[in-house]
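**Q** need a structure here:
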Amino acid sequence: MPENNELFVLPFDHRGSFLEEMFGVLGGATEEDKERVRAFKKIIYEGFKIAIERGAVPKESGAILVDEEFGDEILQDAKKNGYRFAICAEKSGQKEFELEFGENFAQHIDKYRPEFVKVLVRYNPDDDADLNERQVEKLKVLSDFCREERYKLMLEPLVIPTEKQMEIVEGDKEAYDLEMRPKLMELMMEEMQGGGVEPSVWKVEGVEEAEDYEMLVEQAHSGGREADIIILGRHADDEQVEKWLEAGAKMPGVTGFAVGRTIFWDPLVECKEGRIAPERASEMIASNFVHFYKIFKGK
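**A** You can find the predicted model right below:
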C-alpha cells in the first residue's frame, strides 16, 4: 500500500450502458453479446497490466474496478497476480440504488475478497426526500457490512440535477456543474455521513476549483474521519478531465482518480470497427491511463 493512499483506478464495471452504447443491445443480451463484452473487457484489462508491468503506473497505486457478470476471469486473475481491485455491488442502470444480488450480496463479495467494494448511487439533496432516505438506509447496510468484514467501501455518488435546478441555470449544464453542484456534493456527503454511510473512498464527480475540492475534503474528514477522495472521469473529453485532475491534485486528501470511458472507449470503438487489432487497443488504453496518471502527478 502506498503511504499516501494514492489510488489510480481504471474502472470498467459498465454493464447495461456497455451493451447498449458499444454494441447496440437494447433488450435482453444473448450469450454471444455477453461474450463480446467479456472479450472487450479483457482488452481493457490487458491495457491496465501493460501500464503496471512496464512501471509506468506503480503497481501499489494502480487498481481496476470491474463487475462479476462480465469480469469474473479478470477478477480471478487480478487476485492471483496481486493487482489491487474493486468489485461493484450495485444493480446496473437503476434510478434508485439496489444491490446487484439483493440479500445475497455478501457471498458474491466474499467470493473475491476485494480490497474495495464500489457502489454507484444517484443522489441529489434537493430531490425526493423519501427516495434519498431509502437509499441512505440501503447504503448503510452495505457500509456496516464493509466495516465489519474489513472491506473498503468506495462510494460513487452522482448528483444529477433536478428539473428545478436546471431551470435556475436556464438549462445550462455547465453552469450547474460550476455554480451549484459542488455545494450539493458537500451536502450530499454530510447527509450520507449523518445516515451512517461511511466510505473509505469517495469517488466523486470532478470540480474545476481547488477550493471546491478543499470543501469536499473537509467534509470527507469531518468528525475525524479518514476517507479519501478520488475523481471520476464521467466520459468527459481529455481536456475536461485534465482540468478536474489538475485542480484536485493540488489538494491533500484527493488521492487519485477513477477514469474509465475517457481512457478506453475510443480504442475499443476502433477495435470493434476493425481499424486496429485488440493488441493495439490495449496499448492505446495503457498509454491513455499513463497520460492521466502523469497529469495528476504533474509529470
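
**Q** Let me know the distance separating residue 46 from residue 99.
**A** Distance from residue 46 to residue 99, counting by CB to CB, to the nearest Å: 30 Å. (Glycine included, C-beta is placed from N, CA and C.)

**Q** Just the buried residues of whichever strand or helix holds residue 185, please?
**A** Element membership for residue 185, per DSSP states H and E: helix 181-194. In terms of neighbour count (16 or more other CB atoms under 10 Å), helix 181-194 has its buried residues at 181-182, 184-186, 188-189, 192-193.

**Q** Equivalent analysis for stretch 247-261, please.
**A** 247-249, 251, 253-261.

**Q** just those residues now: which is nearest residue 91?
**A** Comparing those against residue 91 with CB to CB places residue 260 closest, at 18.5 Å.

**Q** for that closest one, what are its contacts?
**A** 10-12, 14, 65, 232-233, 235 (CB atoms under 8 Å, 6 or more residues apart in numbering).

**Q** again with residue 123
**A** Taking CB under 8 Å, 6+ apart as the test, what residue 123 contacts is 132, 135, 157-159, 188, 192.

**Q** Check the secondary structure at residue 119 for me.
**A** Assigned with DSSP: H, G, I helix; E, B strand; the rest coil, residue 119 falls in the strand class.

**Q** ok, back up a step: farthest pair in the contacts of residue 260?
**A** Using CB to CB, the pair of those lying farthest apart is 65 and 235, separated by 14.7 Å.

**Q** out of the two, which sits in the busier spot?
**A** residue 65 (24 against 16; other CB atoms under 10 Å).

**Q** so the more buried one touches residue 116, yeah?
**A** Yes: Residue 65 is within contact range of residue 116, at 7.5 Å (criterion: CB atoms under 8 Å).

**Q** Next, show the common contact partners of those two.
**A** 85-87, 154.

**Q** about what we covered before: ok, so of the buried residues of helix 181-194, who is nearest residue 199?
**A** The shortest approach to residue 199 among the buried residues of helix 181-194 belongs to residue 192, at 8.1 Å (CB to CB).

**Q** Tell me where the stretch 51-200 of the chain has strands.
**A** Using DSSP state E, counting those that start in this stretch, the strands of the stretch 51-200 of the chain run over 62-66, 84-88, 116-122, 152-158.

**Q** So residue 37 versus residue 44, what's the distance?
**A** Using CB to CB, we find residue 37 at a distance of 11 Å from residue 44.

**Q** Kindly report the same for residue 150.
**A** Noted for residue 150: a distance of 28 Å to residue 44, by CB to CB.

**Q** Next: residue 292.
**A** According to CB to CB, residue 292 stands 14 Å off from residue 44.

**Q** Which one of the two is surrounded by more residues?
**A** Per other CB under 10 Å, whichever of residue 292 and residue 44 has more neighbours is residue 44, with 27 against 23.

**Q** Now for residue 121: which residues touch it?
**A** Under the criterion of CB under 8 Å, 6+ apart, the neighbours of residue 121 are 90, 97, 135, 139, 155-158.

**Q** At which residues are the helices of the protein located?
**A** Under the criterion DSSP state H, the chain contains helices at 16-23, 31-53, 68-80, 105-110, 129-149, 163-168, 173-175, 181-194, 210-220, 238-249, 261-272, 278-297.

**Q** would JSON lines of the ones you listed with mean pLDDT and distance to residue 226 be doable?
**A** As requested, the helices of the chain are arranged in JSON lines below (pLDDT from 0 to 100; distance: least, CB to CB, whole Å):
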{"stretch": "helix 16-23", "mean pLDDT": "90", "distance to residue 226": "32"}
{"stretch": "helix 31-53", "mean pLDDT": "96", "distance to residue 226": "26"}
{"stretch": "helix 68-80", "mean pLDDT": "96", "distance to residue 226": "25"}
{"stretch": "helix 105-110", "mean pLDDT": "94", "distance to residue 226": "22"}
{"stretch": "helix 129-149", "mean pLDDT": "96", "distance to residue 226": "13"}
{"stretch": "helix 163-168", "mean pLDDT": "96", "distance to residue 226": "32"}
{"stretch": "helix 173-175", "mean pLDDT": "94", "distance to residue 226": "33"}
{"stretch": "helix 181-194", "mean pLDDT": "97", "distance to residue 226": "13"}
{"stretch": "helix 210-220", "mean pLDDT": "96", "distance to residue 226": "9"}
{"stretch": "helix 238-249", "mean pLDDT": "95", "distance to residue 226": "18"}
{"stretch": "helix 261-272", "mean pLDDT": "96", "distance to residue 226": "28"}
{"stretch": "helix 278-297", "mean pLDDT": "98", "distance to residue 226": "21"}
